[in-house]
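*Asks:* Got a sequence here, can you build the structure:
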Amino acid sequence: MREKIVLSERLGAVAAMVTEGNRVCDIGCDHGFVPIYLLQQGISPGALAMDVREGPLEQARIHIKAYGLETLIEARISDGLAAFRKGEADTLICAGMGGRLMMRILSEEKEKAASFRELILQPQSEIQQFRSFLRGQGYLLTDENMIEEDGKFYPMMKAVKSEHGFSNFDKTLPQGESSKTFWQQMEDRYGPLLLQRKHPVLYRYLEREARICDEVLWQLQVQGTEGPKKSRRYEEISRQKRNCLRVMRERYGDGYGEDSH
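*Replies:* Here you go, the predicted structure:
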């Protein structure tokens with residue numbers, strides 16, 4: 001057997017969210033390293049490694065066999081959850097793909113998705129829409145994390161189906177209707193648990209977002225903001241910056257992170 005798998009920081013954080021003892025179904029498994037790692041570490045007793053593409057799946061089979069885990073990890077061709085049968089796994093991992101694709105996968109197989117005890121999700125795009133989608137589908141976020149790796153930020157979350165729907169909203173916030181609407185949007189955008197926990201990586205992400213807004217606003221000023229289209233764009237970016245600064249101020253407090261600069 002080869003040496004133990006060492007995952008990237010991003011994939012390691014995804015794997016760390018899996019509940020010990022759960023069988024795993026990894027959709028879009030690529031080379032199969034996450035299921036291999038979970039079995040090597042004794043976190044999972046067995047796994048399904050599924051991918052829609054035969055090329056990556058064949059590489060996963062090669063790696064699974066090389067690590068002597070072919071009797072415990074099954075590599076299966078599947079478009080999303082199409083080839084999954086309810087009860088085969090407790091944890092669904094869906095990481096490293098666009099949020100729109102992940103929404104399609106979960107929407108097309110709602111009953112199968114709801115059969116898992118937990119979903120470990122790491123969308124690469126459309127993240128605000130994805131959190132809103134989960135909330136609308138009645139999922140509760142029980143954990144969130146954010147990793148910065150090679151200059152990129154990766155949010156990830158653990159979701160469970162809830163009879164009472166999405167209930168991560170922070171009840172300590174001001175209860176005015178406009179404030180509720182604002183913070184619901186911000187929690188969808190940045191993550192309710194990341195905000196509640198004042199996650200340090202999220203703070204760095206917010207700092208970067210504010211800087212990007214400044215750069216875009218400066219470019220728009222140089223180009224001129226006359227005309228309805230340019231004017232709307234300028235106001236949109238200005239509002240985005242104001243929202244970002246408000247989140248930093250009200251969630252992290254004045255002076256947070258000063259020592260990090």
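*Asks:* For the stretch 151-261 of the chain, which segments are assigned as helices?
*Replies:* All helices of the stretch 151-261 of the chain, identified by DSSP state H, counting those that start in this stretch, fall at 177-190, 192-196, 200-223, 228-247.
*Asks:* export these to CSV and tack on mean pLDDT and mean neighbour count?
*Replies:* Glycine gets a C-beta too; all of them are placed from N, C-alpha and C. Compiled in CSV, the helices of the stretch 151-261 of the chain are given as follows (pLDDT from 0 to 100; neighbours: other C-beta atoms under 10 Å):
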stretch, mean pLDDT, mean neighbour count
helix 177-190, 88, 16
helix 192-196, 96, 20
helix 200-223, 95, 15
helix 228-247, 92, 14
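*Asks:* of those helices, which approaches K158 most closely?
*Replies:* Among the helices of the stretch 151-261 of the chain, the nearest to K158 by C-beta to C-beta is helix 192-196 (9.3 Å).
*Asks:* Where does pLDDT dip in this structure?
*Replies:* Counting by pLDDT under 70, the chain has low-confidence residues at 1-2, 164-177, 254-261.
*Asks:* Rebuild the helices of the stretch 151-261 of the chain as a markdown table, extending it with distance to E118.
*Replies:* Below are the helices of the stretch 151-261 of the chain laid out as a markdown table (distance: least, C-beta to C-beta, whole Å):
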| stretch | distance to E118 |
| --- | --- |
| helix 177-190 | 20 |
| helix 192-196 | 14 |
| helix 200-223 | 22 |
| helix 228-247 | 28 |
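*Asks:* Let's test this: what are the backbone torsions at F116?
*Replies:* Dihedral angles phi and psi of F116 (degrees, to the nearest 10) take the values phi -80, psi 150.
*Asks:* Pull the number of nearby residues for it.
*Replies:* By other C-beta atoms under 10 Å, the residues close to F116 number 25.
*Asks:* nearest spatial neighbour of it, skipping sequence neighbours?
*Replies:* If the residues on either side of it in the chain are set aside, F116 comes closest to L92, at 4.5 Å by C-beta to C-beta, 6 or more residues apart in numbering.
*Asks:* do the same with N22
*Replies:* Across the structure, with C-beta to C-beta, 6+ apart as the measure, the residue nearest N22 apart from its sequence neighbours is D90 (3.8 Å).
*Asks:* So that neighbour versus G46, what's the distance?
*Replies:* Going from D90 to G46 by C-beta to C-beta, to the nearest Å gives 10 Å.
*Asks:* just to revisit the earlier point, return the residues in contact with the residue nearest to N22.
*Replies:* Contacts for D90 were tallied using C-beta atoms under 8 Å, 6 or more residues apart in numbering; they are T19, N22, R23, V24, F116, R117, E118.
*Asks:* could you redo the last one with a cut-off of 7 Å?
*Replies:* D90 sits next to N22, R23, F116, R117 when contact means C-beta atoms under 7 Å, 6 or more residues apart in numbering.
*Asks:* P56 now?
*Replies:* D30, H31.
*Asks:* Please apply the same query to P155.
*Replies:* Taking C-beta under 7 Å, 6+ apart as the criterion, P155 is in contact with I127, E144, M146, G191.
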